[in-house]
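In: Kindly generate the corresponding structure for this input.
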Amino acid sequence: MLKTTLEKVARVGRGAPSETALTQTQRAQLAKLRTEGYVAFDHLVGTEKLAQLQAELAQRIERDLDFEYPCLAQTRIDPERDADMIASNFLATNAQLKARNLTFDRSDAKDYAQVVSEFEPSSLKTFLPETPQWLGTWLDPTILPIVEAYMGFRPELTEAYIRRNFPAKFVVMNHAWHRDRNHPTHLLKAFIFLNDCTLDNGPHHYIAGSVQDRRMDGQNYYSEDEVRTLYAAGGPEEVVSVVPAGTIILEDTRGLHKAGMPTSGYRDLGFVTFLPPIALVKRAPLYAVSRGALEGLSAAQAAYIPKANIKG
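Out: Have a look, this model is predicted:
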(Lines give C-alpha, C1' and ligand atoms only; values in the text may rest on other atoms or scores of the structure.)
Protein backbone atom coordinates (compact mmCIF):
# COMPACT_ATOMS: atom_id res chain seq x y z
CA MET A 1 0.00 0.00 0.00
CA LEU A 2 2.77 2.44 0.97
CA LYS A 3 4.79 1.56 -2.13
CA THR A 4 1.76 2.17 -4.35
CA THR A 5 1.19 5.56 -2.74
CA LEU A 6 4.84 6.54 -3.15
CA GLU A 7 4.73 5.56 -6.82
CA LYS A 8 1.62 7.68 -7.41
CA VAL A 9 3.37 10.65 -5.77
CA ALA A 10 6.45 10.11 -7.93
CA ARG A 11 4.37 10.14 -11.12
CA VAL A 12 3.12 13.69 -10.56
CA GLY A 13 4.28 15.75 -13.54
CA ARG A 14 5.20 12.62 -15.51
CA GLY A 15 1.90 12.13 -17.33
CA ALA A 16 1.78 10.42 -20.72
CA PRO A 17 0.85 12.39 -23.85
CA SER A 18 -2.70 12.05 -25.13
CA GLU A 19 -3.04 9.13 -27.51
CA THR A 20 -4.51 11.53 -30.04
CA ALA A 21 -1.00 13.00 -30.31
CA LEU A 22 0.32 9.67 -31.61
CA THR A 23 0.60 9.04 -35.32
CA GLN A 24 -1.65 6.43 -36.91
CA THR A 25 1.32 4.05 -37.05
CA GLN A 26 2.14 4.62 -33.39
CA ARG A 27 -1.49 3.98 -32.39
CA ALA A 28 -1.40 0.67 -34.27
CA GLN A 29 1.88 -0.23 -32.55
CA LEU A 30 0.42 0.63 -29.17
CA ALA A 31 -2.64 -1.51 -29.85
CA LYS A 32 -0.43 -4.49 -30.73
CA LEU A 33 1.63 -3.99 -27.55
CA ARG A 34 -1.52 -3.93 -25.43
CA THR A 35 -3.05 -6.98 -27.08
CA GLU A 36 -0.05 -9.23 -27.66
CA GLY A 37 2.56 -7.84 -25.24
CA TYR A 38 5.19 -6.96 -27.84
CA VAL A 39 5.79 -4.80 -30.90
CA ALA A 40 8.81 -4.53 -33.25
CA PHE A 41 10.47 -1.51 -34.88
CA ASP A 42 13.00 -1.69 -37.73
CA HIS A 43 14.11 1.89 -38.29
CA LEU A 44 17.75 1.32 -37.16
CA VAL A 45 18.24 -1.49 -39.67
CA GLY A 46 20.99 -0.67 -42.19
CA THR A 47 21.80 2.76 -40.75
CA GLU A 48 25.21 4.35 -40.19
CA LYS A 49 24.32 4.73 -36.53
CA LEU A 50 23.92 0.97 -36.17
CA ALA A 51 27.33 0.38 -37.80
CA GLN A 52 28.92 2.77 -35.31
CA LEU A 53 27.26 1.04 -32.35
CA GLN A 54 28.40 -2.37 -33.62
CA ALA A 55 32.01 -1.19 -33.96
CA GLU A 56 32.03 0.35 -30.48
CA LEU A 57 30.55 -2.81 -28.96
CA ALA A 58 33.12 -5.05 -30.69
CA GLN A 59 35.94 -2.91 -29.33
CA ARG A 60 34.52 -2.99 -25.83
CA ILE A 61 34.07 -6.76 -25.69
CA GLU A 62 36.77 -8.11 -28.00
CA ARG A 63 39.65 -5.67 -27.41
CA ASP A 64 39.02 -4.08 -24.02
CA LEU A 65 37.45 -7.19 -22.40
CA ASP A 66 35.12 -4.72 -20.71
CA PHE A 67 32.36 -6.96 -19.41
CA GLU A 68 31.00 -8.02 -16.04
CA TYR A 69 33.23 -10.03 -13.71
CA PRO A 70 33.13 -12.53 -12.15
CA CYS A 71 31.68 -14.37 -15.14
CA LEU A 72 30.28 -17.90 -15.20
CA ALA A 73 32.61 -20.40 -16.91
CA GLN A 74 30.73 -23.37 -18.35
CA THR A 75 33.99 -25.36 -18.45
CA ARG A 76 34.13 -25.26 -14.64
CA ILE A 77 30.68 -26.81 -14.13
CA ASP A 78 30.77 -30.32 -12.66
CA PRO A 79 27.46 -32.11 -13.42
CA GLU A 80 27.57 -34.07 -10.14
CA ARG A 81 28.89 -31.43 -7.77
CA ASP A 82 26.79 -28.66 -9.30
CA ALA A 83 23.57 -30.61 -9.85
CA ASP A 84 21.68 -28.18 -7.61
CA MET A 85 22.88 -25.20 -9.64
CA ILE A 86 21.96 -26.92 -12.89
CA ALA A 87 18.48 -27.70 -11.55
CA SER A 88 17.94 -24.03 -10.61
CA ASN A 89 19.29 -22.77 -13.96
CA PHE A 90 22.14 -21.15 -11.99
CA LEU A 91 19.82 -18.72 -10.22
CA ALA A 92 22.53 -17.51 -7.82
CA THR A 93 24.53 -14.43 -6.93
CA ASN A 94 27.98 -13.82 -8.35
CA ALA A 95 29.38 -14.44 -4.88
CA GLN A 96 27.68 -17.83 -4.68
CA LEU A 97 28.96 -18.83 -8.12
CA LYS A 98 32.46 -17.65 -7.26
CA ALA A 99 32.45 -19.59 -3.97
CA ARG A 100 31.70 -22.73 -6.01
CA ASN A 101 34.69 -21.93 -8.28
CA LEU A 102 32.39 -21.57 -11.28
CA THR A 103 33.61 -18.17 -12.45
CA PHE A 104 36.59 -16.38 -13.95
CA ASP A 105 37.79 -12.84 -13.18
CA ARG A 106 39.45 -10.04 -15.13
CA SER A 107 42.86 -11.31 -14.04
CA ASP A 108 42.10 -14.63 -15.76
CA ALA A 109 41.18 -13.01 -19.08
CA LYS A 110 44.16 -12.63 -21.42
CA ASP A 111 42.36 -11.97 -24.69
CA TYR A 112 38.95 -12.51 -26.26
CA ALA A 113 39.77 -15.76 -28.05
CA GLN A 114 41.22 -17.23 -24.85
CA VAL A 115 38.12 -16.24 -22.85
CA VAL A 116 35.76 -17.91 -25.32
CA SER A 117 37.79 -21.11 -25.78
CA GLU A 118 39.02 -21.66 -22.22
CA PHE A 119 35.96 -20.66 -20.21
CA GLU A 120 33.11 -21.13 -22.73
CA PRO A 121 30.90 -18.44 -21.17
CA SER A 122 27.21 -18.72 -21.99
CA SER A 123 27.11 -14.93 -22.05
CA LEU A 124 29.28 -11.85 -21.63
CA LYS A 125 27.48 -8.85 -20.14
CA THR A 126 28.62 -5.27 -20.65
CA PHE A 127 26.88 -2.23 -19.22
CA LEU A 128 25.47 0.87 -20.88
CA PRO A 129 28.18 2.70 -22.88
CA GLU A 130 28.10 6.20 -21.46
CA THR A 131 27.67 8.33 -24.57
CA PRO A 132 24.74 10.35 -25.97
CA GLN A 133 24.83 8.05 -29.02
CA TRP A 134 24.05 4.97 -26.93
CA LEU A 135 21.71 6.76 -24.55
CA GLY A 136 19.80 8.18 -27.49
CA THR A 137 19.41 4.69 -28.94
CA TRP A 138 18.06 3.36 -25.66
CA LEU A 139 15.73 6.37 -25.51
CA ASP A 140 14.66 6.53 -29.14
CA PRO A 141 12.22 9.45 -29.57
CA THR A 142 9.95 7.52 -31.94
CA ILE A 143 9.46 4.77 -29.35
CA LEU A 144 9.13 6.76 -26.12
CA PRO A 145 5.57 8.01 -26.83
CA ILE A 146 4.46 4.37 -27.10
CA VAL A 147 6.29 3.50 -23.86
CA GLU A 148 4.53 6.36 -22.06
CA ALA A 149 1.10 5.62 -23.52
CA TYR A 150 1.40 1.95 -22.52
CA MET A 151 2.61 2.73 -19.00
CA GLY A 152 0.26 5.69 -18.50
CA PHE A 153 3.12 7.95 -17.38
CA ARG A 154 6.77 8.63 -18.16
CA PRO A 155 8.73 5.80 -16.47
CA GLU A 156 12.40 5.67 -15.53
CA LEU A 157 15.18 3.87 -17.36
CA THR A 158 16.36 1.67 -14.50
CA GLU A 159 18.63 -0.79 -16.30
CA ALA A 160 20.58 -0.86 -19.56
CA TYR A 161 23.15 -3.40 -20.69
CA ILE A 162 24.19 -5.70 -23.55
CA ARG A 163 24.65 -9.47 -23.56
CA ARG A 164 26.65 -11.50 -26.04
CA ASN A 165 25.25 -15.04 -25.88
CA PHE A 166 27.19 -18.13 -26.99
CA PRO A 167 26.35 -21.82 -27.43
CA ALA A 168 26.43 -23.56 -24.06
CA LYS A 169 25.86 -27.01 -22.60
CA PHE A 170 23.92 -25.84 -19.55
CA VAL A 171 20.88 -23.56 -19.48
CA VAL A 172 21.55 -20.39 -17.48
CA MET A 173 18.75 -18.23 -16.09
CA ASN A 174 17.29 -16.18 -18.95
CA HIS A 175 17.72 -19.10 -21.38
CA ALA A 176 14.86 -20.86 -19.57
CA TRP A 177 11.19 -19.83 -19.89
CA HIS A 178 10.26 -17.30 -17.21
CA ARG A 179 8.31 -14.16 -16.34
CA ASP A 180 10.07 -10.99 -15.14
CA ARG A 181 9.01 -9.81 -11.69
CA ASN A 182 10.49 -6.32 -11.59
CA HIS A 183 7.00 -4.90 -11.05
CA PRO A 184 3.56 -6.55 -10.79
CA THR A 185 1.62 -4.09 -12.97
CA HIS A 186 3.96 -1.76 -14.89
CA LEU A 187 6.95 -3.17 -16.76
CA LEU A 188 8.41 -2.75 -20.23
CA LYS A 189 11.69 -3.82 -21.75
CA ALA A 190 13.26 -2.79 -25.03
CA PHE A 191 15.42 -5.37 -26.78
CA ILE A 192 17.89 -3.96 -29.32
CA PHE A 193 19.36 -6.53 -31.71
CA LEU A 194 22.92 -5.50 -32.52
CA ASN A 195 23.65 -8.32 -34.94
CA ASP A 196 21.45 -10.35 -37.25
CA CYS A 197 19.43 -12.84 -35.22
CA THR A 198 18.85 -16.25 -36.80
CA LEU A 199 17.52 -19.59 -35.61
CA ASP A 200 21.16 -20.64 -35.10
CA ASN A 201 22.45 -17.82 -32.90
CA GLY A 202 19.67 -17.65 -30.36
CA PRO A 203 16.46 -15.78 -31.19
CA HIS A 204 14.28 -14.35 -28.45
CA HIS A 205 11.06 -16.30 -27.77
CA TYR A 206 7.86 -14.74 -26.43
CA ILE A 207 4.34 -16.07 -25.85
CA ALA A 208 1.98 -13.42 -27.21
CA GLY A 209 -0.92 -12.67 -24.88
CA SER A 210 0.70 -14.35 -21.86
CA VAL A 211 0.70 -11.14 -19.82
CA GLN A 212 -3.04 -11.70 -19.42
CA ASP A 213 -2.96 -15.50 -19.64
CA ARG A 214 -1.71 -16.51 -16.18
CA ARG A 215 -2.40 -20.24 -16.36
CA MET A 216 1.35 -20.79 -16.03
CA ASP A 217 2.56 -18.63 -13.17
CA GLY A 218 4.25 -18.72 -9.77
CA GLN A 219 7.59 -20.40 -10.60
CA ASN A 220 11.02 -18.93 -11.29
CA TYR A 221 11.43 -21.00 -14.44
CA TYR A 222 9.47 -23.41 -16.64
CA SER A 223 10.75 -26.35 -18.65
CA GLU A 224 10.17 -26.67 -22.36
CA ASP A 225 7.77 -29.56 -21.69
CA GLU A 226 5.74 -27.48 -19.22
CA VAL A 227 5.36 -24.61 -21.69
CA ARG A 228 4.37 -26.97 -24.50
CA THR A 229 1.42 -28.29 -22.49
CA LEU A 230 -0.23 -24.92 -23.18
CA TYR A 231 1.57 -23.50 -26.21
CA ALA A 232 2.65 -25.65 -29.15
CA ALA A 233 6.13 -25.11 -30.56
CA GLY A 234 5.78 -22.92 -33.61
CA GLY A 235 2.14 -22.23 -32.72
CA PRO A 236 0.40 -18.91 -33.29
CA GLU A 237 1.19 -17.61 -29.78
CA GLU A 238 4.96 -18.13 -29.97
CA VAL A 239 6.90 -15.19 -31.40
CA VAL A 240 10.45 -16.10 -32.47
CA SER A 241 12.56 -13.02 -33.14
CA VAL A 242 14.47 -13.94 -36.28
CA VAL A 243 15.24 -10.34 -37.22
CA PRO A 244 17.96 -8.21 -38.84
CA ALA A 245 20.44 -6.17 -36.83
CA GLY A 246 18.94 -2.84 -35.80
CA THR A 247 15.52 -4.23 -34.87
CA ILE A 248 14.08 -2.95 -31.59
CA ILE A 249 11.33 -4.85 -29.79
CA LEU A 250 9.23 -3.38 -26.98
CA GLU A 251 7.93 -6.15 -24.75
CA ASP A 252 5.99 -6.51 -21.52
CA THR A 253 8.24 -9.14 -20.00
CA ARG A 254 5.68 -10.10 -17.37
CA GLY A 255 4.70 -12.42 -20.22
CA LEU A 256 6.42 -15.77 -20.75
CA HIS A 257 9.70 -15.48 -22.62
CA LYS A 258 13.22 -16.85 -22.94
CA ALA A 259 16.48 -16.22 -24.74
CA GLY A 260 17.06 -18.91 -27.33
CA MET A 261 20.30 -20.85 -26.82
CA PRO A 262 22.67 -20.34 -29.77
CA THR A 263 23.83 -23.47 -31.57
CA SER A 264 26.51 -21.57 -33.49
CA GLY A 265 27.96 -18.06 -33.56
CA TYR A 266 26.76 -15.54 -31.02
CA ARG A 267 24.00 -13.01 -30.49
CA ASP A 268 24.47 -9.39 -29.34
CA LEU A 269 21.34 -8.04 -27.68
CA GLY A 270 20.80 -4.82 -25.75
CA PHE A 271 18.36 -4.76 -22.84
CA VAL A 272 16.57 -1.74 -21.38
CA THR A 273 14.16 -1.84 -18.43
CA PHE A 274 11.45 0.79 -17.87
CA LEU A 275 9.84 0.94 -14.41
CA PRO A 276 7.67 3.41 -12.47
CA PRO A 277 9.52 6.12 -10.56
CA ILE A 278 9.56 5.85 -6.76
CA ALA A 279 9.31 8.80 -4.37
CA LEU A 280 11.53 8.99 -1.24
CA VAL A 281 12.96 5.50 -1.80
CA LYS A 282 16.16 5.29 -3.86
CA ARG A 283 16.89 2.36 -6.16
CA ALA A 284 20.48 1.16 -6.23
CA PRO A 285 21.82 2.55 -9.55
CA LEU A 286 22.57 -0.13 -12.14
CA TYR A 287 24.37 2.28 -14.48
CA ALA A 288 25.85 5.77 -14.31
CA VAL A 289 25.53 8.76 -16.65
CA SER A 290 27.78 11.83 -16.57
CA ARG A 291 26.27 15.27 -16.79
CA GLY A 292 28.15 15.75 -20.06
CA ALA A 293 26.46 12.72 -21.60
CA LEU A 294 23.12 13.83 -20.22
CA GLU A 295 23.47 17.19 -21.96
CA GLY A 296 23.52 15.36 -25.30
CA LEU A 297 19.92 14.24 -24.76
CA SER A 298 16.67 16.11 -25.24
CA ALA A 299 14.82 17.24 -22.12
CA ALA A 300 12.23 14.48 -22.69
CA GLN A 301 14.95 11.83 -22.90
CA ALA A 302 16.89 13.17 -19.89
CA ALA A 303 13.72 12.92 -17.78
CA TYR A 304 14.02 9.12 -17.99
CA ILE A 305 17.35 9.07 -16.13
CA PRO A 306 16.92 8.73 -12.33
CA LYS A 307 18.79 11.38 -10.35
CA ALA A 308 20.64 8.68 -8.45
CA ASN A 309 22.22 7.53 -11.73
CA ILE A 310 23.70 10.93 -12.59
CA LYS A 311 27.33 11.37 -11.56
CA GLY A 312 29.47 14.47 -11.27
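In: CA atoms for contacts and neighbours, from now on please.
Out: Will do.
In: So for stretch 113-126, mean pLDDT?
Out: Mean pLDDT, stretch 113-126: 98.
In: buried stuff in it?
Out: 115, 116, 119, 120, 121, 122, 123, 124, 125, 126 (16 or more other CA atoms under 10 Å).
In: Let me know the closest of those residues to residue 181.
Out: Of all these, residue 181 sits closest to residue 125, with 20.3 Å by CA to CA.
In: Which residue, other than its chain neighbours, is closest to the residue nearest the centre of the chain?
Out: The residue lying closest to the centre of the chain (CA atoms, centre = their mean) is residue 271, at 2.7 Å. Sequence neighbours aside, residue 191 is the residue nearest to residue 271 in space, at 5.0 Å (criterion: CA to CA, 6 or more residues apart in numbering).
In: Assumed the one you found was part of a helix.
Out: No - Residue 191: not assigned to a helix; according to DSSP: H, G, I helix; E, B strand; the rest coil it is strand.
In: how near is it to residue 152?
Out: The gap separating residue 191 from residue 152 is 21 Å, by CA to CA, to the nearest Å.
In: And the two? Which one has more around it.
Out: residue 191 (21 against 17; other CA atoms under 10 Å).
In: Would you mind measuring from that one to residue 305?
Out: Counting by CA to CA, the gap from residue 191 to residue 305 is 18 Å.
In: who's in contact with residue 10?
Out: 277, 278, 279 (CA atoms under 8 Å, 6 or more residues apart in numbering).
In: is it true that residue 109 touches residue 116?
Out: No - using CA atoms under 8 Å as the test, residue 109 is too far from residue 116 to be in contact (9.6 Å).
In: Quick check: which ranges of the stretch 201-312 of the chain have low pLDDT?
Out: By pLDDT under 70, the weakly predicted segments of the stretch 201-312 of the chain are 280.
In: So which residues of it form strands?
Out: 204-207, 238-240, 248-251, 257-259, 267-275, 289-290, 310-311 (DSSP state E, counting those that start in this stretch).
In: Show the backbone phi and psi for residue 126.
Out: phi -120, psi 150 (degrees, to the nearest 10).
In: Same check on residue 28?
Out: Taking degrees, to the nearest 10, you get phi -70, psi -40 for the backbone angles of residue 28.
In: and it, how many neighbours does it have?
Out: 14.
In: Equivalent analysis for the one 5 residues further on, please.
Out: Residue 33 is flanked by 22 other residues according to other CA under 10 Å.
In: three-state assignment of it?
Out: Reduced to three states by three-state DSSP, residue 33 is helix.
In: ok, for it, nearest residue in space, not its chain neighbours?
Out: Nearest to residue 33 is residue 39, by CA to CA, 6+ apart, at 5.4 Å.
In: list the buried ones in the host helix or strand of the one you found?
Out: Counting by DSSP states H and E, the element that carries residue 39 is strand 38-41. Neighbour counts over strand 38-41 (16+ other CA under 10 Å) mark 38, 39, 40 as buried.
In: wait, what's in contact with the first one?
Out: Spelled out, it's residue 38. Contacts of residue 38 by CA under 8 Å, 6+ apart are 32, 208, 249, 250, 251, 252.
In: so what's it scoring on pLDDT?
Out: Reported pLDDT for residue 38: 97.
In: residues touching the residue of the chain most remote from its centre, list them.
Out: In the chain, the residue that sits farthest from the middle, by CA atoms, centre = their mean, is residue 80; the gap is 31.4 Å. Going by CA under 8 Å, 6+ apart, residue 80 touches no other residue.
In: Please identify which helix or strand holds it.
Out: Per DSSP H and E, there is no helix or strand for residue 80.
In: Look up phi and psi at it.
Out: phi -80, psi -50.
In: next one: residue 134
Out: Residue torsions, per degrees, to the nearest 10, at residue 134 are phi -70, psi -40.
In: what about it, neighbour count?
Out: Neighbours around residue 134, by other CA under 10 Å: 17.
In: Distance check, it against residue 140.
Out: 10 Å.
In: From the structure, what's the count of residues near residue 290?
Out: Using other CA under 10 Å: residue 290 sits among 14 other residues.
In: again with the one 3 residues further on
Out: A count of nearby residues for residue 293, using other CA under 10 Å, gives 17.
In: wait, what's in contact with it?
Out: 130, 131, 132.
In: same deal with residue 158?
Out: Taking CA under 8 Å, 6+ apart as the test, what residue 158 contacts is 272, 273, 274, 275, 285, 286, 305, 306.
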